[in-house]
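Participant: quick one: sequence plus predicted model below, questions after.
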Amino acid sequence: MDRIAIVFVAGGLGSVARYGAGVLLGPVWATFAVNVVGSFLIAVVLELAVRIADFPVNLRLALATGLLGGFTTYSTFNAESTGLWLEGAQLRAALNVIGTVVACMAAGLLGLWLARRLA
């Protein structure tokens, strides 16, 4: 039950941070930004959790599953990309999908690289 509470509280904080990003950056740019930043940070946390022998399980759950799970927004990304497509903005939809996938993969690889240097 403690782990559920950890994920619940951290996920709420991540969701609030996601809302704040939306207010600051606007809907499509915020979704792109939080997915890239989230991809980087999740990669760092998960790699450190693997490489550091005494990395606390509760910290991994709080950061990766809770905070960053609440922060990143794949379902919103999908809805926005589909909406752009249906509005006739197929090029913008395609650029959003391609740009997000490429940037998130690059951010994830950068996060792995950083975590391996830190561990």
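Facilitator: Thanks, I have the structure now. Residues are numbered from 1 along each chain as shown.
Participant: going by C-alpha atoms from here, please, whenever you check contacts or count neighbours.
Facilitator: Noted.
Participant: run through the helices of the protein in chain order.
Facilitator: 2-25, 27-51, 57-60, 68-71, 74-86, 90-118 (DSSP state H).
Participant: buried set for the helix or strand of the chain with the lowest mean pLDDT?
Facilitator: Among the helical and strand segments of the chain, the one scoring lowest on mean pLDDT, DSSP states H and E is helix 74-86, with a mean of 89. If you call a residue buried by 16 or more other C-alpha atoms under 10 Å, then helix 74-86 has these buried ones: 77, 80-82, 84.
Participant: list the contacts for residue 107?
Facilitator: 36-37, 39-40 (C-alpha atoms under 8 Å, 6 or more residues apart in numbering).
Participant: with pLDDT added, can I get those in a markdown table?
Facilitator: Shown next, in a markdown table, are the contacts of residue 107 (pLDDT from 0 to 100):
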| residue | pLDDT |
| --- | --- |
| 36 | 93 |
| 37 | 94 |
| 39 | 91 |
| 40 | 93 |
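Participant: now, among those residues, which is nearest to residue 1?
Facilitator: residue 39 (27.3 Å; C-alpha to C-alpha).
Participant: so that closest one makes contact with residue 105?
Facilitator: Yes - counting by C-alpha atoms under 8 Å, residue 105 is a contact partner of residue 39 at 7.3 Å.
Participant: the more surrounded of the two?
Facilitator: Taking other C-alpha atoms under 10 Å, residue 39 and residue 105 do not tie; residue 39 has more neighbours (23 against 16).
Participant: OK, contacts around that one?
Facilitator: 104-105, 107-108, 111.
Participant: just residue 10 next, same as before
Facilitator: Counting by C-alpha under 8 Å, 6+ apart, residue 10 has contacts 62-63, 66-67, 70.
Participant: now rank these by neighbours and give me the top one.
Facilitator: That'd be residue 67 among the contacts of residue 10, by other C-alpha under 10 Å, with 27 neighbours.
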